[in-house]
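1. coordinates only, no sequence provided:
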């Protein structure tokens, strides 16, 4: 859902956003139908063959479970949430209901000073999400407006609210927080660099570099080191092979005792080898082929950025035009720790907790200095209209800063050759 679909202009000074409906309603249909069916069974409308043998409490349990499923499915199907921003009255109204507003609450727009775009890191089961919030003034809590799994969509929504309210858009999705004026939220990174709105990093070349840089003035080519072979993959293959050798003899012994044909025995053994060994070996082979095929090549110019990454069988090329690059940032180990500490302090301040004592602050600084050596850099982060794209992760912090400076200079420089 884009910003135009999420927000509707319902008046000269009113902006409304609605959540719910669409695919979420379809997702609730099976829950609702299953709940209704269970309720019919619990009330005896739908007869079962062993109804006489089932205790009374079981029917009540089935009915209550069905009621819970029907309520959850009905909420997904019919539940809606509305947020209306009224500049004329200076209020923000939050409403909830089933198809129509049924309950609401209002808050004063004077309690907020900017629109904040943040990131909520996911895990192995969930993707990262990018919430859009109204940033509260000192002593006030932030107000969550909406959230999206796509950075470009979340930023578009945040830009629409910031432009409507005439406040700054603060992007805190990466280590370095950037603030953009309401009249410049649609400007690209290149336009802001040429206008002098983005500070230039000092391009100090480190004495030792893992990457290779070819600077032709208008175009910069960066050859990043190969990731190499991951030892964890070899450990997985060794564990899988050892487990198969330990179990295979017992499995074959059981098959022979049951007079299983030789063809079936070899089929079972081959299937076990395929599942236990070849599955783990595939990742190792992919890492070896990727390392042999070459290194990642990044080309930056005033036209945009091209990233050529070697794959298992062919090179994957990603092209980001300068008109689609909304921001450029870099992540170092130290910046990541400082960003985490700053976020924790903000949450403590909003919760009304006391600040750390000077002794606690010095102890925390020592621990951060020790942890900084273990945290790897995130590399260069490209904030495009579609998503965040990263390259150069794991490089030393000084090298990451240097690469960021020369890429930013190439993007903001004069027109170069097209790619």
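-> Great, that's in hand. Just so you know, these numbers come straight off a predicted model, no measurement behind them.
2. when you work out contacts or count neighbours from here on, use the C-alpha atoms and nothing else.
-> Fine.
3. what sits against residue 128?
-> Contact analysis of residue 128 by Cα atoms under 8 Å, 6 or more residues apart in numbering lists 119-122, 149.
4. relative to residue 382, how far out is it?
-> Between residue 128 and residue 382 the distance is 16 Å, computed by Cα to Cα, to the nearest Å.
5. which stretches in this structure count as helices?
-> Under the criterion DSSP state H, the chain contains helices at 3-6, 23-43, 56-78, 151-165, 189-194, 231-257, 262-273, 279-293, 333-350, 358-372, 397-412.
6. ok, residue 402 touching residue 208?
-> No. Residue 402 lies out of contact with residue 208 (Cα atoms under 8 Å); the separation is 11.7 Å.
7. neighbour count: these two, which is higher?
-> residue 402 (19 against 9; other Cα atoms under 10 Å).
8. for that one, give its distance to residue 299.
-> Going from residue 402 to residue 299 by Cα to Cα gives 15 Å.
9. same thing with residue 153?
-> 26 Å.
10. so what are the domain limits for the chain?
-> Domain assignment for the chain, taken from automatic domain parsing, gives 3-186, 231-293.
11. in the sheet, who's paired with residue 222?
-> Bridge pairing for residue 222 (DSSP bridges) gives the partners residue 213, residue 298.
12. hmm, it is touching residue 211, no?
-> Yes. Counting by Cα under 8 Å, residue 211 is a contact partner of residue 222 at 6.8 Å.
13. okay, those two: which has more neighbours?
-> Set side by side, residue 222 and residue 211 show more neighbours around residue 222, with 21 against 18, by other Cα under 10 Å.
14. pick out the residue closest to the middle of the chain.
-> Closest residue to the average C-alpha location of the chain: residue 128 at 2.3 Å, with Cα atoms, centre = their mean.
15. so how far is residue 151 from that one?
-> 9 Å.
16. tally of neighbours for the nearest residue to residue 410 once chain neighbours are set aside?
-> Excluding the flanking residues, the one nearest residue 410 by Cα to Cα, 6 or more residues apart in numbering is residue 301, at 4.8 Å. When neighbours are defined as other Cα under 10 Å, residue 301 has 29 of them.
17. where are the low-confidence patches of the stretch 201-350 of the chain?
-> 201, 227-240, 243-244, 246, 275-294, 311-313, 334-350 (pLDDT under 70).
18. one more time with 80, if that's ok
-> Counting by pLDDT under 80, the stretch 201-350 of the chain shows low-confidence ranges at 201-204, 216-217, 226-295, 310-315, 333-350.
19. excluding its backbone neighbours, what's nearest residue 69?
-> residue 35 (4.5 Å).
20. is it true that the one you found touches residue 64?
-> No. Using Cα under 8 Å, residue 35 is not in contact with residue 64; the gap is 9.1 Å.
21. residues in contact with residue 390?
-> Counting by Cα under 8 Å, 6+ apart, residue 390 has contacts 378-382.
22. for residue 76, give its distance to residue 34.
-> Residue 76 sits 14 Å away from residue 34, going by Cα to Cα.
23. which of the two has more neighbours?
-> Set side by side, residue 76 and residue 34 show more neighbours around residue 76, with 23 against 17, by other Cα under 10 Å.
24. what sits closest to the more buried one if chain neighbours are left out?
-> Leaving aside its sequence neighbours, residue 76 sits nearest to residue 28 (Cα to Cα, 6+ apart; 4.9 Å).
25. most distant residue from the centre of the chain?
-> residue 259 (54.2 Å).
26. how far away is residue 150 from residue 130?
-> 7 Å.
27. now for residue 186, how many residues are close by?
-> 16.
28. hmm, residue 159 and it touching each other?
-> Yes. The pair residue 186 and residue 159 qualifies as a contact (Cα under 8 Å) at a distance of 7.4 Å.
29. still on that earlier bit, dump the contacts of residue 128 into JSON lines; add pLDDT and distance to residue 394 as well.
-> Below are those laid out as JSON lines (pLDDT from 0 to 100; distance: Cα to Cα, whole Å):
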{"residue": "119", "pLDDT": "88", "distance to residue 394": "21"}
{"residue": "120", "pLDDT": "86", "distance to residue 394": "22"}
{"residue": "121", "pLDDT": "79", "distance to residue 394": "19"}
{"residue": "122", "pLDDT": "74", "distance to residue 394": "20"}
{"residue": "149", "pLDDT": "87", "distance to residue 394": "25"}
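30. between the residues you listed, which is closest to residue 165?
-> Using Cα to Cα, residue 119 is the member of these that sits closest to residue 165, with 22.1 Å.
31. phi, psi of the closest one?
-> Note on residue 119: its backbone torsions stand at phi -130, psi 140 [degrees, to the nearest 10].
32. ok, it - contacts?
-> 128-131, 172-173.
33. now, which of these lie within strands?
-> 130-131 (DSSP state E).
34. so which of the domains of the chain comes closest to residue 322?
-> domain 3-186 (13.2 Å).
35. any idea how far the closest one is from the chain center?
-> Put simply, domain 3-186 sits 18 Å off its chain's centre (Cα atoms, centre = their mean, to the nearest Å).
36. one more: stretch 321-335?
-> Distance, centroid of stretch 321-335 to centroid of chain: 15 Å (Cα atoms, centre = their mean).
37. thank you, goodbye.
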